[in-house]
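**Student:** My questions concern the predicted model and sequence given below.
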Amino acid sequence: MALTLILNTVLIPLALGLILAALFRFGKLQGGLLALASMAAVLAIYMVLEGIPPLPPVSSKHKIWYIIMGLGVVNVLFGFKHKTPHPILTALLLLASFVWIAYRKISSDIMQPELFLGLIPIAIATVVANAPKRQQQDAFLWPVTLLTAAVAGSLVSVLGSYIGLGQVLGAIAALLGGFLAVVYLAEHILKRPVSEGLVLSSMTWMVTSAMAVILLSIAVFAAKLSALAFALVCLVFLTPFVAPRFIKTTYWWRPFAIGGIALVPAVVAVGTAWVSAN
Amino acid sequence: MKTLSTLAMAAAVAVILPTSSALAGETYVVDPAHAWVQFGIGHAGWSTARGKFSAIEGTIDFDKDDVTKSSVEITIDATSVDTNLEARDDHLLGPDFLNVEEFPEVTFNSTSIEQTGERTALVTGDMTMIGATREVVLDVTWNNEAALPWDATTIVSGFSATTSFNPVDFGMNKVAEFGLGPMMDVIIEVESQKQ
């Protein structure tokens, strides 16, 4: 049981992250292909943890898998044009996903607080999609931020009694961990700097959008979610807008410094969720 | 006398599960104050984890002349699950298991009844849980029918039923990850009042 848990939540996603980074860093993967590989990795993680959903999907959990697939297809199409989906398109896609996932709840009472909470990840993903391209192409800024948000979101979800999607976020963290390990190795150990191409923004958009869908689902359905802790997790996504003001260095410790800043809201979020759950 | 018992048993069977044929017999309504649905599922080989649902409703159409024409409809309020630990119940209510926000009820509707003994029958029906409908067979025993001691006008019939199914068949994939299963055993005890 424990071995299966570690294999599905950590080892398989970690391996996928290593492969993804190797394709990106050493395979010279272009935007569209990296978008495709990112989508495949996230879908594989979801499938390993939640099984293959039925078609048509029955529950919100099933719908997430198909939504990620749909978002991925859009991202791939833009990736081959060396672009990422426009922020307005991003917001519309995520809003449509939100309505599909939560329509039973929306139809019963649209004024439920958790529905408003679920809109926060959509706003965040829209902001991320609107982030400067140079920032999005930073080899560490977004992956470190997303890794920290995934870990914090995972713990907050588990403490909010939604263990399943908490596991998925944990696995996405492992995926990003594997990715970062290879990129760090290339950048700081092998001294082969990652070129600033357009490719990384495709992955950033894919992972951020997938996480937004998972987070909004957690907001709507987690039985004991701390709303404050959830909002703090969403704040982690804003790290790339803050960190560059304080971190100018390109030395080996830059990723750790970014992580340190991202950890501030993340730790407060997990602490808040812990207090709320106990 | 034997024939009477057989018919009564058949009627009891009909009470527990709903069928589409209908309403040829007498109608019984499940008394929520005297209805219990308990479940047990293996926990990593250490023990059998047990819980119950405390909110049950149902209607039984009991045809004592031909029990196979009887029917049963049972509805369980999924939010009433109780496993003796609030934190575990919170998790069970969530999308990993019962997903009560999206699917607040578990229902059973009988589709056919096979008499197996004087007071026993197999009641086959469609059970719907977390949005998935699967066929389940209840092994039903009709226990007794009698008037309330303090009210001769109220006739009560009581039934016991058992069944077993794999929650994964309903899409509850997380059971194995938590060391549960594979089969969930269910015990149903209901008293129903003749209308």
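**Tutor:** On my side now, so go ahead.
**Student:** To what extent is A:Thr250 buried, counted in neighbours?
**Tutor:** A:Thr250 has 11 neighbouring residues, counting by other Cβ atoms under 10 Å in any protein chain shown. To be clear about C-beta, it is placed using only N, CA and C from the backbone, and glycine gets the same treatment.
**Student:** And what about it, helix, strand or coil?
**Tutor:** coil (DSSP: H, G, I helix; E, B strand; the rest coil).
**Student:** And it, what's its pLDDT?
**Tutor:** Here, the pLDDT recorded for A:Thr250 equals 70.
**Student:** So which bits of stretch A:7-18 are buried?
**Tutor:** A:Asn8, A:Thr9, A:Val10, A:Ile12, A:Pro13, A:Leu14, A:Leu16, A:Gly17, A:Leu18 (16 or more other Cβ atoms under 10 Å in any protein chain shown).
**Student:** For chain B, which segments count as helices?
**Tutor:** Assigned by DSSP state H, chain B shows helices spanning B:2-16, B:86-93, B:174-177.
**Student:** Out of those, which gets the lowest mean score?
**Tutor:** Per-stretch mean pLDDT for these is lowest at helix B:2-16 (a mean of 46).
**Student:** Within range of chain B, give me the residues from the stretch 51-200 of chain A.
**Tutor:** A:51, A:54, A:58-62, A:104-105, A:161-165 (Cβ under 8 Å from any Cβ of the partner chain).
**Student:** circling back to that earlier point, mind putting the buried residues of stretch A:7-18 into JSON lines with secondary structure and distance to chain B?
**Tutor:** JSON lines is the format used below for the buried residues of stretch A:7-18 (DSSP: H, G, I helix; E, B strand; the rest coil; distance: Cβ to the nearest Cβ, whole Å):
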{"residue": "A:Asn8", "secondary structure": "helix", "distance to chain B": "8"}
{"residue": "A:Thr9", "secondary structure": "helix", "distance to chain B": "10"}
{"residue": "A:Val10", "secondary structure": "helix", "distance to chain B": "14"}
{"residue": "A:Ile12", "secondary structure": "helix", "distance to chain B": "14"}
{"residue": "A:Pro13", "secondary structure": "helix", "distance to chain B": "15"}
{"residue": "A:Leu14", "secondary structure": "helix", "distance to chain B": "19"}
{"residue": "A:Leu16", "secondary structure": "helix", "distance to chain B": "19"}
{"residue": "A:Gly17", "secondary structure": "helix", "distance to chain B": "22"}
{"residue": "A:Leu18", "secondary structure": "helix", "distance to chain B": "24"}
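**Student:** B:Asp126: which of those is nearest?
**Tutor:** Taking Cβ to Cβ as the measure, B:Asp126 sits nearest to A:Asn8 out of these, at 32.5 Å.
**Student:** Please look at the closest one and A:Ala171 and confirm they touch.
**Tutor:** Yes - using Cβ atoms under 8 Å as the test, A:Asn8 is close enough to A:Ala171 to be in contact (7.2 Å).
**Student:** The residue in the stretch 1-150 of chain A positioned nearest to chain B - nearest residue in space that isn't next to it in sequence?
**Tutor:** At 3.9 Å from chain B, A:Val58 is the closest residue in the stretch 1-150 of chain A, using Cβ to the nearest Cβ. Spatially, and ignoring its direct neighbours in sequence, A:Val58 is nearest to B:Gly131 (3.9 Å; Cβ to Cβ, 6 or more residues apart in numbering or on different chains).
**Student:** next one: phi and psi at that neighbour?
**Tutor:** When read as degrees, to the nearest 10, the backbone of B:Gly131 gives phi 80, psi 0.
**Student:** ok now do it, which residues does it touch?
**Tutor:** Contacts for B:Gly131 were tallied using Cβ atoms under 8 Å, 6 or more residues apart in numbering or on different chains; they are A:Val58, A:Ser59, B:Asn99, B:Glu102, B:Phe103, B:Gly171.
**Student:** The residue located most distally from the centre of chain A and A:Ala102, how far apart?
**Tutor:** Here chain A reaches farthest from its C-alpha mean at A:Ser108, the gap being 29.4 Å by Cα atoms, centre = their mean. Using Cβ to Cβ, to the nearest Å, we find A:Ser108 at a distance of 10 Å from A:Ala102.
**Student:** And for B:Glu102?
**Tutor:** Taking Cβ to Cβ, one finds B:Glu102 at 9 Å from A:Ala102.
**Student:** so what's in contact with those two at the same time?
**Tutor:** In contact with both B:Glu102 and A:Ala102: A:Ser60, using Cβ under 8 Å, 6+ apart.
**Student:** more neighbours, the two?
**Tutor:** Set B:Glu102 next to A:Ala102 and count neighbours by other Cβ under 10 Å: A:Ala102 wins out with 24 against 20.
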